[in-house]
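Student: sequence and predicted structure below; questions after.
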Amino acid sequence: MNKKHLAIAVAAAFYGSQAVAVELYNEGDTTFSVGGHVSVGLGGSEEGETEVQQVSPRINVNATQNIGNGYTADAKGEWALNVLEGGEETFTTRLGYIGVTHNTYGRVVVGTQWSPYYDGAGIADLPIAFANDFLYDDQGPLGTARAERMISYFNALDLNEAGELIFGLGWQGTTTGETFAGGTDEAQYDDRFQIALHYSIMGFGLNYAFSTGDVKIANTTFDETAQSNMFSANYGDYYDEGLYVAIVYAMNEYMNQGLEESVAIEALLAYALPNSLNLSVNYESVEDDKNNNTIFSQSALQAEYNFTSSFVGFAGYQFDLGNDINVPEDDKWIFGMRYYL
């Protein structure tokens, strides 16, 4: 793992892909920072009321320390904020982990974290208003986005002019007390395993990830393997000026809404202008592959404008492209503000 990748890994563990953090302490080999954002907007839909909405606001604390012999330790705690209502659920845990990184030996992370699977599958999950939905079904136990109680390992092979190859491994132990695919009966998620590969060269990236583990549902005969094969590719940097393109294709068994076989697709095309205006269009669908039914399909037009590095305005309109399961179509819209802490 080269020093460039080490720096990227620790920075990503800290701040996330688009966050801005305030460094409160930097003394010797130790740093401490606070970050996150408050995001609110006015939104509505054809089937719903117009109302003030929150868009995944959060707060996090981050620390790093050089612990010697080439090792750097880092820790992160991140909590979702309920900025519209108070009460017992004002703060809920999003992330919480400790990581240790070495230039040669790679990086180990323990706790609730963005999974190796998400590193490749999340490349289209970037616009503020409307982005990826299918990754967040049962996301904690299945680990397709934020993975609960995970141990992960990453390392990289620098191929010089031939690019860079990164691989990741993830493991989650048995989890109980959860429901599965929106059901009401308690499910047991047995040990889950992930492997992820990423190859990048000259602004292009190729990804593959595999996730598998058994799920049993109480009071039923359901005892199946929930697994996914995910392929994705991207070009450019969503947060830099110019073109960004990404596509994600996942072949799943019992991963999306409990479907026996499903195919999930997410695509994103974005262009950032020199004046800090980022325009994008995305598409997402989930297909019941066994019964040849569309579960949902949607596309959104979106715009984001950076007034400053900490203050962003955004707007989006999502078109419901229909389904085959008799769910009423419901176009959605929102415009709002995001302020990075």
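Tutor: Nice, I can see it. Residues are numbered from 1 along each chain as shown.
Student: pull the number of nearby residues for residue 221.
Tutor: Residue 221 has 7 neighbours, counted by other CB atoms under 10 Å. The C-beta positions use only the backbone N, C-alpha and C, and glycine is treated the same way.
Student: how about residue 82?
Tutor: When neighbours are defined as other CB under 10 Å, residue 82 has 15 of them.
Student: who's in contact with it?
Tutor: Counting by CB atoms under 8 Å, 6 or more residues apart in numbering, residue 82 touches 54, 89, 90, 91, 92.
Student: which among these count as buried?
Tutor: residue 54 (16 or more other CB atoms under 10 Å).
Student: just put the contacts of residue 82 in a markdown table and tack on secondary structure and distance to residue 165.
Tutor: Output for the contacts of residue 82, formatted as a markdown table (DSSP: H, G, I helix; E, B strand; the rest coil; distance: CB to CB, whole Å):
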| residue | secondary structure | distance to residue 165 |
| --- | --- | --- |
| 54 | strand | 39 |
| 89 | coil | 42 |
| 90 | coil | 43 |
| 91 | strand | 39 |
| 92 | strand | 36 |
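Student: got the contacts of residue 82 as a markdown table, with pLDDT and distance to residue 276 columns?
Tutor: Listed next are those as a markdown table, based on pLDDT from 0 to 100; distance: CB to CB, whole Å:
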| residue | pLDDT | distance to residue 276 |
| --- | --- | --- |
| 54 | 94 | 24 |
| 89 | 71 | 35 |
| 90 | 76 | 32 |
| 91 | 85 | 32 |
| 92 | 88 | 32 |
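Student: could the contacts of residue 82 go into CSV alongside distance to residue 274?
Tutor: Conversion of the contacts of residue 82 to CSV gives the following (distance: CB to CB, whole Å):
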residue, distance to residue 274
54, 31
89, 42
90, 40
91, 39
92, 39
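Student: return the closest of the contacts of residue 82 with respect to residue 335.
Tutor: Set against residue 335, the nearest of the contacts of residue 82 by CB to CB is residue 54 (13.8 Å).
Student: mind checking how far the closest one is from residue 136?
Tutor: Distance of residue 54 to residue 136, computed by CB to CB, to the nearest Å: 16 Å.
Student: what's the answer for residue 240, then?
Tutor: 26 Å.
Student: mind listing what the residue nearest to residue 143 when sequence neighbours are not counted touches?
Tutor: Distance criterion CB to CB, 6 or more residues apart in numbering; nearest residue to residue 143, sequence neighbours excluded, is residue 115 at 4.5 Å. By CB under 8 Å, 6+ apart, the contact set of residue 115 is 143, 144, 145, 146, 147, 150, 152, 170, 194, 211.
Student: ok, now which ones touch the closest residue to the second one other than its chain neighbours?
Tutor: Counting by CB to CB, 6+ apart, residue 144 lies nearest to residue 135, which is 4.8 Å off, once chain neighbours are set aside. Taking CB under 8 Å, 6+ apart as the definition of contact, the neighbours of residue 135 are 118, 121, 122, 125, 144, 145.
Student: now do 10 Å
Tutor: Residues in contact with residue 135 (CB atoms under 10 Å, 6 or more residues apart in numbering) are 115, 117-118, 121-122, 124-125, 142, 144-146, 228, 230, 248, 250, 255-256, 264, 266, 284.
Student: same check, this time on residue 165
Tutor: Per CB under 10 Å, 6+ apart, neighbours of residue 165: 155, 156, 157, 158, 159, 197, 198, 199, 200, 201, 206.
Student: pLDDT score assigned to it?
Tutor: Per-residue pLDDT puts residue 165 at 95.
Student: still on that earlier bit, please say which of residue 240 and residue 136 ends up with more neighbours.
Tutor: Of the pair residue 240 and residue 136, residue 136 is the one with more neighbours under other CB under 10 Å, namely 14 against 11.
Student: neighbours of the closest residue to that one other than its chain neighbours, how many?
Tutor: In space, residue 136 comes closest to residue 145 once its chain neighbours are excluded; the distance is 5.4 Å by CB to CB, 6+ apart. The number of residues packed near residue 145 is 20, by other CB under 10 Å.
Student: from residue 255, how far off is residue 145?
Tutor: For residue 145, the distance to residue 255 (CB to CB) stands at 12 Å.
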